[in-house]
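[1] Show me the folded form of this:
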Amino acid sequence: MSTTIIDIGTLITRHPGIHGGCPIIAGTDVTVRRIAIWYKQGLRAEEIAARIGHLSIAQVYAALTYYHINREEIDNDIAEEQAEADRIESLHRASRQS
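    Alright, predicted model coming up:
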């Protein structure tokens with residue numbers, strides 16, 4: 001039986017052209033932020049992998065590991081994304097009222 005050894009440091013990457021350089025699961029466009037949000041909502045790693053069928057459980061755990069090691073960065077990224085969504089929603093509501 002042959003086993004392939006994977007350096008876990010290769011599972012998370014960044015590309016300036018994908019999600020503004022946010023950390024992503026290598027070979028995908030799935031952000032660590034997305035995995036962290038679902039995790040914070042109470043989903044288990046297996047449930048997250050089931051929702052994104054092309055991810056392995058190892059990839060989800062790599063994203064969660066990155067999140068836990070870099071919690072401040074990812075939580076700030078989540079907060080900034082939410083603030084921008086709130087700003088856009090506020091503008092949208094204001095334009096409907098005019």
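
[2] can you give me the strands in this structure?
    12-13, 24-25 (DSSP state E).

[3] Any idea which of these gets closest to I74?
    strand 12-13 (11.1 Å; C-beta to C-beta). Just so you know, the C-beta spots here come from the backbone N, C-alpha and C atoms, and that holds for glycine as well.

[4] which secondary structure elements does the closest one contact?
    Where contact means 3 or more C-beta pairs under 8 Å, 6 or more residues apart in numbering; DSSP states H and E, strand 12-13 is packed against strand 24-25, helix 57-69.

[5] returning to what we had before: could you identify which of the strands of the chain is most buried?
    strand 24-25 (a mean of 23; mean count of other C-beta atoms under 10 Å).

[6] Tell me the helices and strands packed up against that one.
    strand 12-13, helix 32-40, helix 57-69.

[7] Report how many residues lie close to D75.
    14 (other C-beta atoms under 10 Å).

[8] picking up where we left off before, list just the one of the strands of the chain that sits closest to E81.
    Short answer: strand 24-25, nearest of the strands of the chain by C-beta to C-beta, at 14.3 Å.
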